[in-house]
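Asks: Sequence first, then the predicted structure, then my questions.
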Amino acid sequence: METLLPLAILLIVSLLLCASILIVTQLLGPKNPVPSRLESYECGIKPESGPHVPFKSSFYLIAVLFLLFDVEAAFFLPWALVYKESLAEGPALLWALLVYLGLMAVGLFYILQKKILRLN
Amino acid sequence: MTVLDFIIAGLKAIVILVAVIQVVPVMIYVERKVAALIQDRPGPNRVGPFGLLQPVADALKFLLKEDPIPLYTHRLLYTLAPFLSLIPACLVIAALPIADKAILFGKEITIQISDLDVSLIYVLAIGSLGVYGILFGGWASNNKYSLIGALRSASQMVSYELPLGLAAVGAVMVFGTFSLREMVLQQEGTLLGVLPNWGIFYQPIGFLIFLVASFAETNRLPFDLPESEAELVAGFHTEYGSMKFATFFMAEYMNLATMSGLMTVIYFGGWHLPWVTDAQLLELLGSQNLLCLIQVGTYIFKVSVFMFLYVLIRWTLPRFRFDQLLTLSWGSLIPIGLLNIVVSAILMYVLGGK
């Protein structure tokens, strides 16, 4: 409670900040929507086709890989928290780390060797 | 919890938030002056003495501009996007311990908005929410440049979050805690009698990874590919004008302040002056509040050094190519981050403890 209440206050204050930014620009700014001003900005040329162009599938792969590796990296955090204290009872956690990291390194080596990060 | 506690919590939140927002005008001025210095031109010098009021003029101009919503945009997401990147930037500062404590109204007040047990994870988690603002902004803008800029930005930010997390793991191993406040308290005093007892001497490689990744996380040069103006006009904020455009920049500069603060706290001893312990200082000054002021000053000085480094690097290095950027993260920083963990673990085992 003592730690969450200030966070709630901060959230409310930042929401108010956002609302005030939105309202103040609406109040102060002139309103003169010329048709050409509302067109999308593509260097003065009329936009060809829709904006949602096809893009490289690598972006999708990066997102998927990030999910995998971020979950794996998240498992390090509780391990790291107790590692220093566990050293008094021998290197059991060190071996656990080496096995886990070995598996992660195999995965990383595989994706690097597949060269999926080559975008051109 | 009494009413006084409630008021103190609210005041702390407002004062620290307003103080961090003040970073934005200062950084705009510093950035423009340093750019001018490096490019051998005078820089802003018309508004006020030495152009010091230039950021005020900028802000007024942003506020007074028309704020049109372009045709065919997704209106709701287009309007929300800048605020989706500003709100996380405001929220992360809650976890940063700025100084130890002051005594006001007969109460001990910690100079930190919220002393979470898991503040490191909180910063990493909330900080990464900022990517939604950029992604929505780019997607909702109905513009090819925006879309590509947003995609680049998203993949860049997720790619560099991993090295950031791995560097943080190294720090957690050394300090044995997730609490940033606890980390700072452990960095008091000296190491081997000569060096200050700072995290950087335990985790030098971790610090380098953290530094590089923080540049990419905040979309700064040499990693500002989301808005590389030569290719993408302005990237995800091409279609934004007026204060919405400025909101993206507010978020960027506030993230910069947070990242600098995080590096100060984890690797450079937070509020501690080198070679002097808080107890010695307190004896010298004789007042907890005076000590607190000195701590705040030390913290601000350390953060300013990092912010200046960001500015210097922005105007010194050229931009990376996008595949180079990804290879740097996946091919270098992540393997080095993993190795750093192994080496730290083995060293900690061999040396026993720290």
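Replies: Great, that's in hand.
Asks: Return the residues in contact with B:I38.
Replies: By Cβ atoms under 8 Å, 6 or more residues apart in numbering or on different chains, the contact set of B:I38 is B:W315, B:T316. In short, each C-beta sits where N, CA and C put it, glycine included.
Asks: Distance check, it against B:A216.
Replies: Relative to B:A216, B:I38 is positioned 22 Å away (Cβ to Cβ, to the nearest Å).
Asks: What of B:G43?
Replies: Distance from B:G43 to B:A216, counting by Cβ to Cβ: 27 Å.
Asks: mind checking which helix or strand of chain A has the lowest mean pLDDT?
Replies: helix A:35-38 (a mean of 72; mean pLDDT, DSSP states H and E).
Asks: Neighbours of the closest residue to chain A within the stretch 1-150 of chain B, how many?
Replies: Distances between the stretch 1-150 of chain B and chain A by Cβ to the nearest Cβ are smallest at B:C90, namely 3.7 Å. Other residues lying near B:C90 total 25 when counted by other Cβ atoms under 10 Å in any protein chain shown.
Asks: got it, and A:A8?
Replies: Here the number of neighbours of A:A8 (other Cβ under 10 Å) works out to 12.
Asks: Show me where the stretch 201-350 of chain B has its helices.
Replies: B:204-217, B:229-232, B:242-267, B:278-285, B:288-314, B:322-327, B:334-351 (DSSP state H, counting those that start in this stretch).
Asks: mind putting the ones you listed in TSV, distance to chain A, mean pLDDT and mean neighbour count included?
Replies: Supplementary listing: the helices of the stretch 201-350 of chain B in TSV, determined by distance: least, Cβ to the nearest Cβ, whole Å; pLDDT from 0 to 100; neighbours: other Cβ atoms under 10 Å in any protein chain shown:
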stretch	distance to chain A	mean pLDDT	mean neighbour count
helix B:204-217	11	89	22
helix B:229-232	11	67	13
helix B:242-267	4	88	24
helix B:278-285	23	78	13
helix B:288-314	18	88	18
helix B:322-327	4	82	19
helix B:334-351	5	88	18
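Asks: Same list, those helices, but as TSV with distance to B:S114 please.
Replies: Putting the helices of the stretch 201-350 of chain B into TSV (distance: least, Cβ to Cβ, whole Å) gives the following:
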stretch	distance to B:S114
helix B:204-217	22
helix B:229-232	38
helix B:242-267	14
helix B:278-285	22
helix B:288-314	17
helix B:322-327	34
helix B:334-351	28
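Asks: closest to A:K56 out of these?
Replies: The minimum distance between A:K56 and the helices of the stretch 201-350 of chain B falls on helix B:322-327, with 10.0 Å, by Cβ to Cβ.
Asks: any weak-confidence spans in the stretch 101-250 of chain B?
Replies: B:226-231, B:233 (pLDDT under 70).
Asks: Pull the contacting residues for the residue lying closest to B:L71 once chain neighbours are set aside.
Replies: The shortest distance from B:L71 to any non-neighbouring residue, by Cβ to Cβ, 6 or more residues apart in numbering or on different chains, is to A:L38 (4.6 Å). Counting by Cβ under 8 Å, 6+ apart, A:L38 makes contact with B:P68, B:I69, B:P70, B:L71.
Asks: Which parts of the stretch 1-150 of chain B are strands?
Replies: Taking DSSP state E, counting those that start in this stretch as the test, the strands found in the stretch 1-150 of chain B are B:99-104, B:107-111.
Asks: so can I have a markdown table of those strands showing distance to B:V184 and mean neighbour count?
Replies: A markdown table is the format used below for these (distance: least, Cβ to Cβ, whole Å; neighbours: other Cβ atoms under 10 Å in any protein chain shown):
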| stretch | distance to B:V184 | mean neighbour count |
| --- | --- | --- |
| strand B:99-104 | 8 | 17 |
| strand B:107-111 | 11 | 15 |
